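> just coords:
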């Protein structure tokens, strides 16, 4: 029997090249803030507002309707100016049936606000917080209040103020002023309640609030960080007119846990003061 040349024989197992070590799967990158906001529908395609609703709002704002101005008197606001504010501040798009908020705008605005929070906390400044959307935003503001307080800011908490119009009062819950009738916490656009709130807290160094509470702060010339939905476009107009307001664009009627990523972004640089 003739032996085949070695080169023509199948390789033995010990002739085979060693198998490379199996590479570990790459560690997935953590999701960006923008992605989280879109997943939770805080930014991205709007859960409620479509082109028709926003168009109607812009018309009411142009004629000075109180529900559109939130009590903030900016004089005449032409429709074109309001549309420009929606684009510049919210990155609003109406390419589909629903309006949309650009998550990059939300991310950038949150970063700017976080820097300001850090400055105010280091200076032990007074900060007042209020919301007219307690079902959605109370826990969000409460977490911000807690982080600011731990970092050295002086968070205004009066406990209670009132009653005033319609037998309503302001109660502070976890450092956040909310409107109540004594039985329930109430959604309130703050068109008149915002003035009562400012009367009670005086002139803090910074306000963190929404809707008419933010409008009252801007009217009073107090620096304001406003979480604002598309139907609070008047606050975006005020920002573009260099009034003392920084808008963080969001859908303001999502479940409370949806806002956890933005709370993290706003407070991650705040370090607790040493005891």
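That came in fine, so what should we check first? The structure displayed is predicted, hence computed values, not measured ones.

> Burial check on residue 195, number of neighbours?
18 (other Cβ atoms under 10 Å). In this view, the C-beta of every residue, glycine as well, is placed from N, C-alpha and C.

> what does the average pLDDT come to for the helix or strand encompassing it?
Using DSSP states H and E, residue 195 maps to helix 193-201. Per-residue confidence for helix 193-201 averages out to 97 on the pLDDT scale.

> Show me the contact partners of it.
With contacts defined as Cβ atoms under 8 Å, 6 or more residues apart in numbering, helix 193-201 is touched by 71, 128, 130, 132, 156, 158, 161-162, 164-165, 168, 170, 177, 179, 190, 209, 211-217, 220, 222.

> hmm, which of these are the buried ones?
Among those, those that count as buried by neighbour count (16 or more other Cβ atoms under 10 Å) are 71, 128, 130, 132, 156, 161-162, 164, 168, 170, 177, 179, 190, 209, 211-217, 222.

> Contact partners for residue 46?
Contact partners of residue 46, counting by Cβ under 8 Å, 6+ apart, are 98, 99, 100, 101, 230, 251.

> could you redo the last one with a cut-off of 6 Å?
Applying Cβ atoms under 6 Å, 6 or more residues apart in numbering, one finds that residue 46 lies in contact with 98, 99, 251.

> now swap in residue 263 and tell me
By Cβ under 6 Å, 6+ apart, the residues touching residue 263 are 140, 143.

> Could you rerun that using 10 Å?
The contact partners of residue 263, by Cβ atoms under 10 Å, 6 or more residues apart in numbering, come to 110, 139, 140, 141, 142, 143, 144, 146, 147.

> Out of these, list just those in strands.
Using DSSP state E to define strands, no part of these is located there.

> Filter the residues you listed down to the buried ones and hand me the PyMOL line.
In PyMOL, this line selects whichever of those come out buried by 16+ other Cβ under 10 Å:
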select buried, resi 110+139+140+141+142+143+144+146+147
